[in-house]
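In: From the sequence below, what's the structure:
(4 chains)
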2 protein chains.
Amino acid sequence: MKHKGHTNPPGRQKIIEALTRLMWAKDFHSVTTAEIAELAGVTEGLIYKYFKSKKELLYQVLNDLFAQFNQAVLDRMADKASAIEKLEVIIRSSIEYYTANRVFARILLLEVRTSPDYFRSEAYARVKAYARTILEVIQMGIQQGEIKANTDPLILRKVILGTIEHACLGEIIFTRDLDVQAITYSISTIIFNGAKA
Amino acid sequence: MKHKGHTNPPGRQKIIEALTRLMWAKDFHSVTTAEIAELAGVTEGLIYKYFKSKKELLYQVLNDLFAQFNQAVLDRMADKASAIEKLEVIIRSSIEYYTANRVFARILLLEVRTSPDYFRSEAYARVKAYARTILEVIQMGIQQGEIKANTDPLILRKVILGTIEHACLGEIIFTRDLDVQAITYSISTIIFNGAKA
DNA sequence: GGATGTGAGTAAGTATTACTCACCAACATT
DNA sequence: AATGTTGGTGAGTAATACTTACTCACATCC
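Out: Here you go, the predicted structure:
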């Protein structure tokens, strides 16, 4: 019998937690279903009751984690009036959250992107919605005259997201610590004021 | 007997070519050693004569491809005098090369980064050397007064590399085409002149 | 010109892995 | 009392990455 996905039984939650914990130590591919089942205290078969595949399990984990991340950023953005302030909050919050939740960051920025299935998943739909929010902030900034009128909003978003991701990747992979305030300031300065003298 | 790696016999080259060709159609993990061997016209055992593991094979493929990429960019940078011009060449060449060689880009930006072994590989050493070259260009630009003196060179590099990668990722994954000239111009404008009005 | 070693390649394994399927035991609902 | 649904088990299975023992061809050296 197949699970319909309208409940959240303890076994299911244990499986999600087990994968998340195991991914502190190694990458997704190196984690086996046997390990997950053992740590969760269930049988391997149960994993496939709740998730179509090992990958699908990963996407669900990401989906849960991203929902939290998204909410955290939106909350912090709420009280900022100007578009540039909002974008600064996005930069600072992302870096903060990524470094504080390395497993989440690794899943989002590295593990899922390799396979095409991800881009049809619920998790990716959430990521897309988040990206749209950023785009709207940029467009608002242009309308209000805060951001140069000739700026391509899609490209500015790429600059912002790409920079954030690249800035965190090194620290995530090598588990180095970084000074969130200093990096946020440096990034904002370059993106908003330009590098040219 | 183990292979010592001082020659490049036909079998070895066939294996590398086979993996590269197979990765046009699917991601690395979905490509099996059986498939590689069949397309190369050799036995599975031979793969493990020349490569310690399937991953090691991937790193070697990347190593070869990155060497070409690196050389192509350096050649194009050679005749540019100013630092900003050099950086523009880097941006344009990267985007051009990534979109023209999607398999290379996918390996470099997506497939290898998931496992820690990569960061100890020869291929990664090459990538690091390339990154150092970019850093030197930025430092030169600061010394010559082209780039703002208070710019953090490491952060500017992150902005440039992060933006390039993010800009290409979407197009690589969804195999969309992009206007290299237009995107290069937009990116350069934002990074060098800033987004703020 | 036999002995010795070495590089290129094969063939037949093996342990592990992701995934399946039939089944069980409660507990609702009809 | 019959029927279905949910949460969970346990014994499988095909396929996969990797290993080991083995050829064959060809240099080189005394």
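
In: from here on, contacts and neighbour counts on C-alpha atoms
Out: Fine.

In: which one's the longest helix in chain A?
Out: Criterion DSSP state H: the longest helix present in chain A is helix A:54-77.

In: Is the helix or strand harbouring A:His166 positioned near chain B?
Out: According to DSSP states H and E, A:His166 maps onto helix A:153-173. Yes: using Cα under 8 Å from any Cα of the partner chain, helix A:153-173 reaches chain B at A:155-156, A:158-167, A:173.

In: cool, stretch A:103-122 as well?
Out: Yes: judged by Cα under 8 Å from any Cα, stretch A:103-122 and chain B are in contact via A:Leu110, A:Glu111, A:Arg113, A:Thr114, A:Ser115, A:Pro116.

In: Does that stretch reach DNA strand C?
Out: No: Stretch A:103-122 stays clear of DNA strand C (Cα under 7 Å from any atom of the strand), getting no nearer than 11.6 Å.

In: what distance separates that stretch from the middle of the whole chain?
Out: Taking Cα atoms, centre = their mean, to the nearest Å, one finds stretch A:103-122 lying 9 Å from the centre of the chain it belongs to.

In: I figured A:Ile134 hits A:Arg157, correct?
Out: Yes: counting by Cα atoms under 8 Å, A:Ile134 touches A:Arg157, with 7.1 Å between them.

In: Got phi/psi on the residue nearest to A:Ser115 when sequence neighbours are not counted?
Out: Residue nearest to A:Ser115 in three dimensions, not counting chain neighbours: B:Asp27, with 6.4 Å by Cα to Cα, 6 or more residues apart in numbering or on different chains. Here is the backbone geometry of B:Asp27 (degrees, to the nearest 10): phi -80, psi 160.

In: isn't A:Arg106 right next to A:Phe174, touching?
Out: No: counting by Cα under 8 Å, A:Phe174 is not a contact partner of A:Arg106; they are 11.4 Å apart.

In: Look at those two and report which has more neighbours.
Out: Set A:Arg106 next to A:Phe174 and count neighbours by other Cα atoms under 10 Å in any protein chain shown: A:Arg106 wins out with 24 against 10.

In: what about that one, helix or strand, and which?
Out: helix A:102-106.

In: Which strands or helices does the following helix or strand past that helix pack on?
Out: Sequence-wise, the next helix or strand downstream of helix A:102-106 (DSSP H and E) is helix A:122-143. The contact analysis (3 or more Cα pairs under 8 Å, 6 or more residues apart in numbering or on different chains; DSSP states H and E) places helix A:122-143 against helix A:54-77, helix A:83-100, helix A:153-173.

In: who are the neighbours in contact with A:Leu87?
Out: The contact partners of A:Leu87, by Cα atoms under 8 Å, 6 or more residues apart in numbering or on different chains, come to A:Ile134, A:Val137, A:Ile138.

In: and what of A:Ser82?
Out: A:Gly141, A:Glu146.

In: Distance-wise, check the nearest residue to A:Lys148 once chain neighbours are set aside relative to B:Ile147.
Out: Take A:Lys148 and drop its neighbours on the chain: the residue closest to it by Cα to Cα, 6+ apart is B:Ala197, 4.3 Å away. Distance, B:Ala197 to B:Ile147, using Cα to Cα, to the nearest Å: 19 Å.

In: more neighbours, those two?
Out: When neighbours are counted by other Cα under 10 Å, B:Ala197 and B:Ile147 differ, and B:Ile147 comes out ahead with 21 against 15.

In: The more buried one reaches A:Ala195, doesn't it?
Out: Yes: the pair B:Ile147 / A:Ala195 is scored as a contact, 5.7 Å apart, by Cα under 8 Å.

In: From the chain's centroid, how far away is stretch A:38-53?
Out: Chain-centre distance of stretch A:38-53: 25 Å, with Cα atoms, centre = their mean.

In: How about the contacts made by the residue nearest the centre of chain A?
Out: In chain A, the centroid-proximal residue (Cα atoms, centre = their mean) is A:Leu108; its distance is 4.8 Å. By Cα under 8 Å, 6+ apart, the contact list for A:Leu108 reads A:Leu62.

In: Can you give me the domain boundaries for chain A?
Out: A:1-51, A:56-193 (automatic domain parsing).

In: Let me have those domains in JSON lines, extended by mean pLDDT.
Out: Formatted as JSON lines, the domains of chain A follow (pLDDT from 0 to 100):
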{"stretch": "domain A:1-51", "mean pLDDT": "90"}
{"stretch": "domain A:56-193", "mean pLDDT": "96"}
